[in-house]
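>>> sharing a sequence plus its predicted fold:
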Amino acid sequence: MFSLIGLILLVLNPDPSGGKISGRIVNSETTGSVSSATVFLADDDSPVSSVRTNQSGNFSFSNLEPGQYVLTIRKSGFSDFIRKVKINENFTLRILIPLSPSGINQRTLTESKEKTKATDITSGNPVLGAVDEANLNQVTEIQAETGIVTLEDEKDSVLIVDFPENPPQPVGGLVSIIRNIDYPEIAKRMGIEGKVVVRVTVNEKGEVTQVDILKRANSVLNEAAIYTIYKSRFLPAQHRGKNVISQITLPIQFSLK
């Protein structure tokens, strides 16, 4: 049986010194925006955070600890996009990513080490770094094939209300989220159990905009927990008579009985 225990409002304590990824995903054939693509950010091959692109194909991760991550983008009808990225403190990595429709082979990010430091996840070469003056030259060289990284100033930041009068709630209560849990077959076969604690950001429309893993289990369960949240519907938080952006935490227990 699956069980999900508790619904807790989480207080957000942003770290202004963290790094950020800000990007847009487009169809490599039509250059049109790719909305509702699932973007995963992983550390040591296990998802730590996930967002979905909006109608304009935009996505962002903020307050990231400096270090190396794996960026994975998935969308039905398109080939997966998987790359290593390096995040530096106090810098924003901005990138335009062309996603290839299924059946179209993606070109490698580099055909020569003279061109760029960006590589596929399977490569042992250096990875794309956060933008600063030291790597601006290499960044401009990936423009034609892989994406565009610029030094544009940040737009207005999103205001998240930490203590709304009415926090966001899953439509139908916790039972509705439990029903959305798909226990991965590989986890069933291997007898893998565990609890994943996620932080869910819900916007004014009740849409899930980000899922962060606060407590990890097996990597397959981490990803299953993220997809469970995306399959669920939420009521937005309300504060002073208005819908606002806020967050909740959900402990999701995967148990085989």
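Perfect, thanks for sending it.

>>> show me where pLDDT drops low in the stretch 1-150 of the chain?
Across the stretch 1-150 of the chain, the ranges flagged by pLDDT under 70 are 1-17, 103-150.

>>> which parts of it are strands?
3-4, 8-9, 19-27, 38-43, 46-52, 58-64, 67-74, 81-87, 92-99 (DSSP state E, counting those that start in this stretch).

>>> need the ones you listed in CSV (columns: distance to residue 238).
C-beta here means a position set from N, CA and C on the backbone, and glycine is covered the same way. Putting those into CSV (distance: least, CB to CB, whole Å) gives the following:
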stretch, distance to residue 238
strand 3-4, 23
strand 8-9, 13
strand 19-27, 28
strand 38-43, 27
strand 46-52, 23
strand 58-64, 24
strand 67-74, 32
strand 81-87, 34
strand 92-99, 31
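
>>> which among these is found nearest to residue 247?
For residue 247, the closest of these is strand 8-9, at 7.5 Å, according to CB to CB.

>>> count of neighbours near residue 68?
When neighbours are counted by other CB atoms under 10 Å, residue 68 registers 12.

>>> out of the strands of the stretch 1-150 of the chain, flag the one nearest residue 246.
If we rank these by CB to CB, the stretch that ends up nearest is strand 8-9, at 7.6 Å.

>>> residue contacts, residue 237?
For residue 237, the contacting residues are 161, 164, 166, 167, 168, 202, 243, 244, 245, 246, by CB atoms under 8 Å, 6 or more residues apart in numbering.

>>> weed out the non-buried ones from the residues you listed.
Among these, those classed as buried by 16 or more other CB atoms under 10 Å are 161, 164, 167, 168, 202, 243, 244, 245, 246.

>>> which stretch among the strands of the stretch 1-150 of the chain comes nearest residue 191?
Among the strands of the stretch 1-150 of the chain, strand 3-4 sits nearest to residue 191 (CB to CB), with 17.2 Å.

>>> check which residues of stretch 72-80 are buried.
72, 73, 74, 75, 78, 79.

>>> distance to residue 98 added to those residues, as TSV?
Shown next, in TSV, are those (distance: CB to CB, whole Å):
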residue	distance to residue 98
72	15
73	11
74	15
75	12
78	10
79	11
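
>>> per the record, what domains does the chain have?
19-140, 159-254 (automatic domain parsing).

>>> now the end-to-end length of stretch 40-58.
Using CA to CA, to the nearest Å, the end-to-end distance of stretch 40-58 comes to 14 Å.

>>> can you give me the buried ones in it?
40-43, 46-54, 57.

>>> please apply the same query to stretch 174-194.
Buried-residue list, stretch 174-194, by 16+ other CB under 10 Å: 174, 177, 178, 180, 181, 183, 184, 187, 192, 193, 194.

>>> sorry, back to before: just flag the most distant two among the contacts of residue 237.
166 and 245 (13.2 Å).

>>> hmm, back to that, out of the buried residues of stretch 174-194, who's nearest residue 95?
Proximity of the buried residues of stretch 174-194 to residue 95 (CB to CB) peaks at residue 184, which lies at 29.9 Å.

>>> so that closest one touches residue 221, yeah?
Yes. Counting by CB atoms under 8 Å, residue 184 touches residue 221, with 7.0 Å between them.

>>> so residue 222, which state does it fall into?
helix (DSSP: H, G, I helix; E, B strand; the rest coil).

>>> who touches the nearest residue to residue 29 once chain neighbours are set aside in this structure?
Closest residue to residue 29 apart from its sequence neighbours, by CB to CB, 6 or more residues apart in numbering: residue 101 at 5.9 Å. Shown in contact with residue 101 (CB under 8 Å, 6+ apart): 27, 28, 29, 77, 78, 79.
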